[in-house]
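*Asks:* 3D, please:
(one chain, ligands or ions: 3)
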Amino acid sequence: MTLPIQPDRFLSDLHTLRGFGAAGVGKGVSRRAYSADDLAARDWLAAQMADAGLAVQFDPVGNLFGLADGPSLLIGSHSDSQPEGGWLDGALGVVAGLEIARAARAAGGPAISVVSFQDEEGRFGVTTGSAIWGGALTLGDADRLTDYDGHSLGQARMALGDRAGGFVDPARFTGCLEMHIEQGPVLDRSGDRLGVVGDIVGIRDLRLSFHGEQNHAGTTPMALRKDAFQTLSRFNTLLNERFRNVVTPQTVWTIGHVDLHPNASSIVPGRASLSVQWRDGDRDRLDRMEQIVRDSAADAAAETGVEVRFGSRLGLDPVAMDARLAGHLADAAEAEAPGAWRRMPSGALHDATNVSRLMPVAMLFVPSIGGISHDFAEDTDEADLLTGLRALARAAVAAAER
Ligand code: HGY
Ligand code: MN
Ligand code: MN
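*Replies:* Ligands and ions are numbered 1, 2, ... in the order given. Model prediction:
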């Protein structure tokens, strides 16, 4: 059976969703979890789900479900964004789920439910909303996580108001499919139109801070300084040197957030707060890297006479996708893009990692132009968005038939 998906409606909905938090140049968005734009986007999605005949349910963290009656296949992703994000990261998978659920209902089956997870982009944690639903993170621990402005998740989710209901029972779903932009260069460079994900890498994300001595930048002799930025710089040098013996060409690590205090040109910085994140497909390597991070921070602090403090540390282990569901995606990819698709790992994290603790799950990728994502410039050719939608719909029918 072929579902009566409507490409124009799907593209129109993607553009409408992009209007919530539209920012920057091109098609960029800024729709941080729990912001007014995020909640407005969720309310709009909830209305589309209701129009599609799905029962709308927000859970206590703001994960939004559109539920079909009885056992169903779950399709979705997330609708929050990075501070400078693209219009497709997460949104593509949610809107594709919505379109397939609508088409399936019009066709009289199969039963498809839709989800938009909350805070996948880690304002507070790492894939926070699905991590809580999947059991990787307790709601109590999550509530204590803070963003870079010091707001806690517990405070932020009060903005849900009376939207918040109970958690959805995962047992009602037979499995889950997530479509996503690749967010990397592999498909764009190879010319393949689709990617079927085999594994998703693991991640560790650690916050730490160096505490030195704030002082006058003109009068404080170099030998007497406790400069938190110099410690940070030394830490980064040690890290890159020491990682060399442990990493593979696929391993990645990033110091993506730095807050220097008080951040003024005539003041020796007294404090540097930062995030260190690393990703790899091998759990043991992730653990060995963590030891190097902690040792390098301690050594850099000792060499420069400052104190190091370690803060929250979050992590998700590498996971494999379900072979049966990935097989349906591979069959669908071959049908929609004959000879122009590949199996590949995911270097980005996805809600699918957490959902895999609850049910079989698999992922489909479409190309990212220039391999660019987590940037306003992120985009994908319309033809590729539609090839992805058709393949996902085809796989959903096959998965529901078992
Ligand atoms: O960072 C990630 O991999 C995801 O896009 N949140
Ligand atoms: Mn995403
Ligand atoms: Mn992302």
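*Asks:* C-alpha from now on. contacts and neighbour counts both.
*Replies:* Noted.
*Asks:* And for the residue of the stretch 251-400 of the chain found nearest ligand 2, nearest residue in space, chain neighbours not counted?
*Replies:* Here the residue of the stretch 251-400 of the chain nearest ligand 2 is H350; by CA to the ion that distance is 6.0 Å. Nearest non-adjacent residue to H350, counting by CA to CA, 6 or more residues apart in numbering: T127, 6.8 Å away.
*Asks:* To what extent is whatever residue of the stretch 151-300 of the chain ends up closest to ligand 2 buried, counted in neighbours?
*Replies:* With CA to the ion, the shortest gap between the stretch 151-300 of the chain and ligand 2 falls at H180, namely 6.8 Å. As a burial measure, H180 scores 27 neighbours (other CA atoms under 10 Å).
*Asks:* Which helix or strand contains it?
*Replies:* Under the criterion of DSSP states H and E, H180 resides in strand 173-181.
*Asks:* for the longest helix anywhere in the chain, what is the average pLDDT?
*Replies:* In the chain, with assignment by DSSP state H, the single longest helix is helix 283-304. Helix 283-304 carries an average pLDDT of 98.
*Asks:* same question, stretch 268-275
*Replies:* On average, stretch 268-275 scores 98.
*Asks:* Report the distance from that stretch to the chain centre.
*Replies:* Here stretch 268-275 is found 27 Å from its chain centre; the criterion is CA atoms, centre = their mean, to the nearest Å.
*Asks:* List the contacts of the closest residue to ligand 1 within the stretch 101-250 of the chain.
*Replies:* Closest residue of the stretch 101-250 of the chain to ligand 1, CA to the nearest ligand atom: E121 (4.1 Å). Remark: with contacts taken as CA atoms under 8 Å, 6 or more residues apart in numbering, E121 is in contact with R32, A33, D80, S81, Q82, T127, T128.
*Asks:* let's see it at 10 Å
*Replies:* 31-33, 78-83, 85, 89-90, 127-129, 349-351, 374 (CA atoms under 10 Å, 6 or more residues apart in numbering).
*Asks:* and what of M49?
*Replies:* Here M49 is in contact with 43, 55-57, 64-68, 97-99, 101-102, 113-115 (criterion: CA under 10 Å, 6+ apart).
*Asks:* switch to 7 Å and redo it
*Replies:* M49 sits next to V56, G66, L98 when contact means CA atoms under 7 Å, 6 or more residues apart in numbering.
*Asks:* re the thing from before, am I right that the residue of the stretch 101-250 of the chain closest to ligand 1 falls within a strand?
*Replies:* No: if the criterion is DSSP: H, G, I helix; E, B strand; the rest coil, then E121 is coil and not within a strand.
*Asks:* Tell me the spacing between it and N263.
*Replies:* 26 Å (CA to CA, to the nearest Å).
*Asks:* same question, G93
*Replies:* From G93 to N263 the distance is 40 Å (CA to CA).
*Asks:* Of the two, give the one with the bigger neighbour count.
*Replies:* G93 (30 against 14).
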